[in-house]
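Q: starting from these lines, generate the structure:
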Amino acid sequence: MLDIKAREGLGRIAIFSHRDRKVETPALMPVINPNIPTITPREMWERFGVRAIITNSYIIWKNPHLREEALSRGLHAMLDFPGIIMTDSGTFQSHVYGDVEVSNQEIVLFQREIGSDIGTILDVFSEPDETHGEVRRAIEETARRGKEALEIRGDMLLAGPVQGSVYPDLRAYAARLMNSLNFDYYPIGGVVPLLENYRYAEVVEAVIRAKMEIRPSRPVHLFGAGHPMVFAISVLAGVDFFDSSSYVKYAYDDRILFPFGTRDLKNLSHIPYPSPYLEKYGVDGLRELPREERVGVIARHNLYVSVREMEAIKQRIREGSLWEYVEERARCHPTLLKAYRRLLRYSRFIEEYEPVSKRTGFFYTGYESLLRPAVIRARWRASRVRSEMKVRTPFGEVPAELMETYPFGQGEFPWGEGYGHEGIDGRPAVPEVEPLARVRAIADYQFLPGAGDALFSGQVDIITSKRTGKIRNILVDGVHVASVRAHDGLLTLRFPGGERLKEAFPPPFFRVVVNRDSAEFNAVGRNVFAKFVVDAWKGIRPGDEVLVVTEEDELVAVGRALMNRREMLDFEHGMCVDVKDYRNRKGGPEENGVGQVS
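A: All right, here's what the predicted structure looks like:
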């Protein structure tokens, strides 16, 4: 249902699929009003590349004509949309108008009957001014309705909204309660009043508190968040899906969306962001259009900008620069910066999901950069490395042996502005380090103290690159045990290196335990899939080098983790260890190049 392809922070690019329909996350689900389709779903599919939409089943149910058409033709045919369609239940109408004329059972059955891919229970909307007790009772009523709905949903995926108003403890309580019922999909509800009043810090905290309780294999949706300026920070906090009718609602008020904020047409004199829809007419020409035509143009621009922002976020995840992008976006509005600082309070939780390195260097944009999860982890891991030579850096004092590893050796800072003054242009002067001391320190940093001695004891031969002079391969007693990666200065294990670590460190350290059926394939080089994992060490982070072992602690492969322990034990689909070297059952390790220099 959800297959992760790339990640950063709590953000992830994944393929979400159901009924042979797929969408890449993070994704925006534009709201379709079946009564007033300003932009048709077919145009969204063909022109904007939208692969998932959301519409309101209560509006359809209440209109006799639409209701009959949806029941007779099915939702996909009625809307002429081949992608994933999610339906809301009428909860937001209860927030706006005070009540709805349908029961939870009726609306869930109706969503199932019209062929919705993802249906939603009729949850109880919690307002920001409600008391703690009132919100708690609403949460418990929502859970009761959720249990009722799960029994009648059929093969339709069911969304269980997480409410909780402005109370972080109740957001966590609601998430635990809904998670215990095992929904397929988890929207964060009741945030529209907060978004409308720029209370972004409370929205971010609501998302994080829910993410801490919800199964990581389940998609998280932020109901009603349709402004592109909140997309990046929300994705970093763990949101997979967004929906909003803002693209068209704002158009009716001549308000134009940009990634950095909203501008009224009456105050606009230039086009500050490239858009084929605005550029076609220009500001003056847009004002002169008849109202209905102008609404259509602005709505298309708003949707275009929203879709483009989501694509920009995906690119940032792919290249490993989402943190920097969020820090840039946070400077668009003081309340966004406040929200980002709130997010950083949860860095220790986010660290469990943060990759151990990236192909791009660490890019400093402000003091908040040094509060990122990767920095917290790097400081802690570096502190356990014994070294007589320390280098003063923005990360603190770092062992000189680690100055070519991520993030210490691949950072961009405003050198000379208080971050060391010893070297050229303020960069720290790094003393010469003996190669064997370097690789042992890297091993202690990457694994645990003692790993350097375990891996590199005996007759050690270090092979360097002829072009750069950098360490590439390490042989011990003539056997290749590890390599140093060029892009991050960390170690890649070979199978003999895995054997040495396994002997030195007892279970569960560094281990991913697989069942016997999987082990047979992993031993000949196949990757590890989450559904075959029996257990894993809680210290594993995405990107860590791991030992793949059987339940009897027999080493069958070494590889790079793509998930942490919680994810490995929860996901039912997807690869969780990229196997790099393995034990060949026919001829032993040497037959597969283990021991060869690469």
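
Q: the closest residue to residue 241 other than its chain neighbours and residue 184, how far apart?
A: Counting by CB to CB, 6 or more residues apart in numbering, residue 221 is the residue found nearest to residue 241 once chain neighbours are left out, at 4.0 Å. Where you see a C-beta, it was placed from the backbone N, CA and C, and this is true even at glycine. Here the criterion is CB to CB, to the nearest Å. By it, residue 221 lies 11 Å from residue 184.

Q: just residue 503 next, same as before
A: 44 Å.

Q: pick out whichever of those two has more residues nearby.
A: Taking neighbours as other CB atoms under 10 Å, residue 503 and residue 184 compare with residue 184 leading, 19 against 10.

Q: hang on, isn't residue 451 packed against residue 444?
A: Yes: here residue 451 reaches residue 444: they are 5.6 Å apart, a contact under CB atoms under 8 Å.

Q: on that earlier part again, what is in contact with residue 221 and residue 184 at once?
A: Listed contacts common to residue 221 and residue 184 are residue 159; contacts here mean CB atoms under 8 Å, 6 or more residues apart in numbering.

Q: partners of the helix or strand harbouring residue 29, with directions?
A: Residue 29 is part of strand 27-32, with elements assigned from DSSP states H and E. Applying DSSP bridges, strand 27-32 is found paired with strand 52-56 (parallel), strand 241-244 (parallel).

Q: including distance to residue 556 and mean neighbour count, could these go into CSV?
A: Shown next, in CSV, are the strands paired with strand 27-32 (distance: least, CB to CB, whole Å; neighbours: other CB atoms under 10 Å):
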stretch, distance to residue 556, mean neighbour count
strand 52-56, 39, 25
strand 241-244, 37, 25
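
Q: including distance to residue 553 and mean pLDDT, could the ones you listed go into CSV?
A: Converted to CSV, those look like this (distance: least, CB to CB, whole Å; pLDDT from 0 to 100):
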stretch, distance to residue 553, mean pLDDT
strand 52-56, 44, 97
strand 241-244, 41, 94
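
Q: of all these, which one is nearest residue 482?
A: strand 241-244 (40.7 Å; CB to CB).

Q: residue ranges with poor pLDDT in this structure?
A: 93-98, 415-427, 585-598 (pLDDT under 70).

Q: what's the longest helix in it?
A: Taking DSSP state H as the criterion, the chain has its longest helix at helix 291-319.

Q: elements contacting that one?
A: Applying 3 or more CB pairs under 8 Å, 6 or more residues apart in numbering; DSSP states H and E, we find helix 291-319 packed against strand 2-8, strand 11-18, strand 27-32, helix 231-236, helix 246-252, strand 255-258, helix 276-288, helix 322-330.

Q: how far away is residue 352 from residue 217?
A: Residue 352 is 15 Å from residue 217, by CB to CB.

Q: wait, residue 110
A: Distance of residue 110 to residue 217, computed by CB to CB: 28 Å.

Q: same question for residue 39.
A: Separation of residue 39 from residue 217 (CB to CB): 33 Å.

Q: got the angle between the longest helix of the chain and strand 11-18?
A: Interaxial angle of helix 291-319 relative to strand 11-18 (axes from the mean of the first three to the mean of the last three CA atoms, to 10 degrees): 110 degrees.

Q: quick one: contacts for residue 347?
A: 371, 372, 373, 376.

Q: follow-up on the earlier one: can I get the helices and strands packed on helix 291-319 in CSV including distance to residue 79 and mean neighbour count?
A: Shown next, in CSV, are those (distance: least, CB to CB, whole Å; neighbours: other CB under 10 Å):
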stretch, distance to residue 79, mean neighbour count
strand 2-8, 24, 20
strand 11-18, 17, 20
strand 27-32, 6, 24
helix 231-236, 24, 27
helix 246-252, 15, 21
strand 255-258, 23, 22
helix 276-288, 23, 14
helix 322-330, 32, 23
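
Q: nearest to residue 264, out of these?
A: Closest to residue 264 of the helices and strands packed on helix 291-319, according to CB to CB: strand 255-258, at 5.8 Å.

Q: what residues does whichever helix or strand comes after that closest one touch?
A: If you walk from strand 255-258 toward the C-terminus, the next helix or strand you reach (DSSP H and E) is strand 261-264. Strand 261-264 is contacted by residues 227, 229, 250, 253, 254, 255, 256, 272, 332, 333 when judged by CB under 8 Å, 6+ apart.

Q: run the last query once more with 10 Å
A: Defining contact as CB atoms under 10 Å, 6 or more residues apart in numbering, one finds that strand 261-264 is touched by 227-229, 246, 250, 253-257, 269, 271-273, 302, 332-333, 336.

Q: tabulate the CA atom coordinates of it in CSV.
A: Output of strand 261-264 as CSV, limited to C-alpha atoms (Å, rounded to 0.1, in the frame of the first residue of the first chain):
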residue,chain,number,x,y,z
GLY,A,261,2.4,33.8,0.5
THR,A,262,-0.8,35.2,-0.9
ARG,A,263,-1.2,38.4,-2.9
ASP,A,264,-4.4,40.3,-3.8
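
Q: who's in contact with residue 45?
A: Neighbours of residue 45 in contact, by CB under 10 Å, 6+ apart: 51, 52, 53, 80, 81, 82, 83.

Q: residue 458 contacts residue 478, doesn't it?
A: Yes: between residue 458 and residue 478 there is a contact under CB atoms under 10 Å: 9.2 Å.

Q: those two: who's more crowded?
A: residue 458 (13 against 9).

Q: residue ranges of the helices in the stretch 1-150 of the chain, please?
A: Taking DSSP state H, counting those that start in this stretch to define them, one finds helices in the stretch 1-150 of the chain at 41-47, 57-62, 64-73, 75-79, 91-97, 104-113, 132-150.

Q: out of these, which one sits most buried?
A: The highest mean neighbour count among the helices of the stretch 1-150 of the chain, using mean count of other CB atoms under 10 Å, belongs to helix 57-62: a mean of 22.

Q: now do it: distance to the chain's middle.
A: Helix 57-62 sits 33 Å away from the centroid of its parent chain (CA atoms, centre = their mean, to the nearest Å).

Q: likewise stretch 222-237?
A: Counting by CA atoms, centre = their mean, stretch 222-237 comes out at 12 Å from the chain centroid.

Q: quick one: end-to-end length of that stretch, please.
A: Chord length of stretch 222-237, first to last residue, is 11 Å (CA to CA, to the nearest Å).

Q: okay, which residue of this structure is out on the far edge from center?
A: residue 459 (43.6 Å; CA atoms, centre = their mean).

Q: I'd like to know how many residues surround the closest residue to that residue other than its chain neighbours.
A: Closest residue to residue 459 apart from its sequence neighbours, by CB to CB, 6+ apart: residue 477 at 5.1 Å. Each residue near residue 477 was counted by other CB under 10 Å, and the total is 11.

Q: ok, residue 160 - contacts?
A: Counting by CB under 10 Å, 6+ apart, the residues that residue 160 touches are 120-121, 123, 142-143, 145-147, 149-150, 174-175, 177-179, 181-187, 189, 214, 218.
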